[in-house]
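Participant: just coords:
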């Protein structure tokens, strides 16, 4: 059974598990299934709006799909959340990517 299949199976029993949603999104990215990955990053952020890595990974997938404006909005949201959380490192990383899209 593939990692994707295993994660899907686990999510059937635990659909609100933030880590499983994020993990499946990451595996889907590796498998070049960006649209589905983005949907799962959205689900991750719905479950935990403070999950900073999901903003970065979602933005990366959006950039790869040529959806720069959506990526910019995602990064800006992530920067705001990182600022509220006091995570200046994550905010700085997201800002650098955002600046590169300007």
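Facilitator: Great, that's in hand. Worth saying up front: this structure is predicted, and the values here are computed from it rather than measured.

Participant: Would you map the strands across this protein?
Facilitator: Assigned by DSSP state E, the chain shows no strands.

Participant: Go ahead and flag the most central residue of the chain.
Facilitator: residue 54 (2.6 Å; CA atoms, centre = their mean).

Participant: could you measure it against residue 33, distance?
Facilitator: 16 Å (CB to CB, to the nearest Å). Where you see a C-beta, it was placed from the backbone N, CA and C, and this is true even at glycine.

Participant: re earlier: ok now do the residue nearest to the centre of the chain, which residues does it touch?
Facilitator: Residues in contact with residue 54 (CB atoms under 8 Å, 6 or more residues apart in numbering) are 22, 25, 41, 44, 45, 48.

Participant: So of the residues you listed, which two are at opposite extremes in space?
Facilitator: Farthest pair in the contacts of residue 54 (CB to CB) is 25 and 48. Separation: 12.8 Å.

Participant: what about the two, which has more around it?
Facilitator: residue 25 (26 against 15; other CB atoms under 10 Å).

Participant: excluding its backbone neighbours, what's nearest the more buried one?
Facilitator: In space, and not counting its chain neighbours, residue 25 is closest to residue 40: 3.6 Å by CB to CB, 6 or more residues apart in numbering.

Participant: And for residue 11?
Facilitator: residue 20 (5.1 Å).

Participant: so that neighbour makes contact with residue 9?
Facilitator: No. With contact defined as CB atoms under 8 Å, residue 20 does not reach residue 9; the gap is 10.0 Å.

Participant: which one of those two has more residues nearby?
Facilitator: Per other CB under 10 Å, whichever of residue 20 and residue 9 has more neighbours is residue 20, with 22 against 11.
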